[in-house]
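Engineer: Would you be able to build a 3D model of this:
(one chain, ligands or ions: 1)
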Amino acid sequence: MKKTIKDIAKEAGVSIATVSFIVNGKDQHISEATRQRVKDVMKKYNYIPNAMAGSLVTRRTGIIGLVLPDITNPFFPGIARGAEDRANEEGYSIIFCNTDDKIEVEEKYIESLSSKMVDGIIIAHSSNSEEMGEILERTQIPIILIDRDFDSKNILGKVLVNNKDGAYQAVCHMVERGYKKIAYLSGSLKTQTAMDRLEGYKEALKEKNLPVEEHLIKYGEYRAEWGRKGVKELLTEKRDFDAVFCGNDLIAIGAMKELLKNGYKVPEDKGVMGFDDIYMAQMVEPELTTVKQPNYEMGYQAVDLLIKHLKEKKSTKSHTVEKKTSMVMLNTEITERKSI
Ligand code: RIB
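Structural biologist: Sure thing, here's the model as predicted:
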């Protein structure tokens, strides 16, 4: 009959926790003799530990949940890659959840990850809504926000990018290249990233003594289809614009396609600039000038922040480590190509 962790502990004359610490490699405090005796018993019965049984004792699963809004957008796999590399360095696994920017899916995943007792959740949420706040507040698992900011006291840490400055630098860059009537196609204003970029866009125009013209600002979502639709609206409304700054690269690619389809040359007739610097930015013609976000580094730092907290919590042996939100703020840089 298959032996349980309880059988192994009984035959080796130790507690279940001791066997669990040995199984999970957290046995520095256990004598070599005891460790060897337990391993001999495990070998005798060809014991394969049940990961969940071990975690019930150590309250650690070695698993981190990563919740992202849109796996079809190449920006997010870059985050996942950085997160996975840092997790692997420390022997953690990642459970990846794609939410399609739907809060009801986020809620379902957060509850499912909590029931699986993951050691922490890293999330780029879909909206700054009250509902999201309630979901985050009631989550018992340590939460790290990534990419999209949100004010909640139940957040352990945040890894963000200075989106307002990134947009500000981009629009100043466009003005310095001679553009004077720059339209802006925004991503979803439910996200802090879109709100911050809008602020940076407006601040740059004011800085360069150019008017902020509300009819040149269109609000949509972080998708290529919205880029096409936004340009279509600007053209139909016969708006006078000489360039388009876009909330992300997918919007920019859609905008560029619609301009080209309507007979405009990019950048000769109208410039286009994006945000993210996904790999597709250099695959389109003309290659997209954009704002590079350090998405790999964001994912790597988010897992690093979480693991540091878990180690601190373990070393203090207290169940409640003082709740203070750690912040990592990363910067963007302009990637100059051919679209402005
Ligand atoms: O491309 C998706 C956008 O949503 C990115 O710019 C990222 O910042 C996220 O907020």
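Engineer: where along the stretch 51-200 of the chain do the helices fall?
Structural biologist: 51-58, 75-89, 103-115, 130-137, 163-176, 192-207 (DSSP state H, counting those that start in this stretch).
Engineer: any chance of those in TSV, plus mean neighbour count?
Structural biologist: No exception for glycine: its C-beta is placed from N, CA and C like everyone else's. Below are the helices of the stretch 51-200 of the chain laid out as TSV (neighbours: other C-beta atoms under 10 Å):
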stretch	mean neighbour count
helix 51-58	16
helix 75-89	20
helix 103-115	16
helix 130-137	15
helix 163-176	21
helix 192-207	20
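Engineer: Worst mean pLDDT among those?
Structural biologist: The minimum mean pLDDT among those belongs to helix 51-58 (a mean of 57).
Engineer: TSV for the helices of the stretch 51-200 of the chain, including distance to Y222?
Structural biologist: What follows is the helices of the stretch 51-200 of the chain, written out as TSV (distance: least, C-beta to C-beta, whole Å):
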stretch	distance to Y222
helix 51-58	36
helix 75-89	8
helix 103-115	16
helix 130-137	17
helix 163-176	13
helix 192-207	8
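Engineer: so can I have a markdown table of the ones you listed showing distance to the ligand?
Structural biologist: Shown next, in a markdown table, are these (distance: least, C-beta to the nearest ligand atom, whole Å):
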| stretch | distance to the ligand |
| --- | --- |
| helix 51-58 | 32 |
| helix 75-89 | 4 |
| helix 103-115 | 14 |
| helix 130-137 | 14 |
| helix 163-176 | 7 |
| helix 192-207 | 3 |
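Engineer: just checking, A12 touches I30?
Structural biologist: No - applying C-beta atoms under 8 Å, one finds A12 not in contact with I30, separated by 11.2 Å.
Engineer: how close does the closest residue to C97 other than its chain neighbours sit to T34?
Structural biologist: Excluding its sequence neighbours, the residue lying closest to C97 (C-beta to C-beta, 6 or more residues apart in numbering) is Y109, at 4.1 Å. Remark: distance between Y109 and T34 (C-beta to C-beta, to the nearest Å) = 40 Å.
Engineer: Likewise for E84?
Structural biologist: Counting by C-beta to C-beta, the gap from E84 to T34 is 35 Å.
Engineer: Burial check on E32, number of neighbours?
Structural biologist: 8 (other C-beta atoms under 10 Å).
Engineer: Now do the same for it: its pLDDT.
Structural biologist: 91.
Engineer: cool, and M273?
Structural biologist: 98.
Engineer: Can you pull the phi/psi pair for the residue of the stretch 201-340 of the chain found nearest the ligand?
Structural biologist: Taking C-beta to the nearest ligand atom, the ligand has its nearest neighbour within the stretch 201-340 of the chain at N248, 3.5 Å off. Backbone dihedrals for N248, given as degrees, to the nearest 10, come out at phi -160, psi 180.
Engineer: In this structure it contacts A224, no?
Structural biologist: No - using C-beta under 8 Å, N248 makes no contact with A224, being 9.5 Å away.
Engineer: Which of those two has more residues huddled nearby?
Structural biologist: N248 (29 against 22).
Engineer: Need the pLDDT of that one.
Structural biologist: N248 is given a pLDDT of 98.
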